[in-house]
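> Below is the sequence, then the predicted model.
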Amino acid sequence: MAKGRPEISVEKCKGCGLCITACPKKILEMSKETNTQGVHYPVCSNEDQCIACTFCATICPDMVIDIIKED
Ligand code: SF4
Ligand code: SF4
């Protein structure tokens, strides 16, 4: 199965949470910290589980997430 990891540009995030609901592996969760805008952003709790499906990146309205594919 493909593997990858999400690269999240936290300063561009508006905290809508769509990426978290879109992840089939349920490995994205809201940060406890905020970015400089005072917004909570997604963090990946278990990169080993990422299947590089790109659902999180695709659903994000602000193109905050890039998926780095790994072998
Ligand atoms: S690429 Fe898929 S599995 Fe990986 S964090 Fe995004 S939605 Fe979850
Ligand atoms: S979908 Fe995009 S803007 Fe919304 S919480 Fe996720 S990364 Fe942030």
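That came through fine. Ligands and ions are numbered 1, 2, ... in the order given.
> show me where this structure has helices.
Along the chain, counting by DSSP state H, helices occupy 18-22, 55-59.
> for the first one, packing partners?
This means helix 18-22. strand 28-34, helix 55-59 (3 or more CB pairs under 8 Å, 6 or more residues apart in numbering; DSSP states H and E). Where C-beta positions appear, they are placed from N, C-alpha and C, glycine not excepted.
> likewise the last one?
Counting contacts by 3+ CB pairs under 8 Å, 6+ apart, the secondary-structure elements packed against helix 55-59 are helix 18-22, strand 65-70.
> how distant is that helix from the center of its chain?
8 Å (CA atoms, centre = their mean, to the nearest Å).
> pLDDT score for Thr21?
You'll see Thr21 listed with a pLDDT of 98.
> can you check the one 3 residues further on too?
Listed pLDDT for Pro24 reads 98.
> Is it correct that it is in contact with Ala52?
No. Shown here, Pro24 and Ala52 do not form a contact pair, counting by CB atoms under 8 Å, at 11.5 Å.
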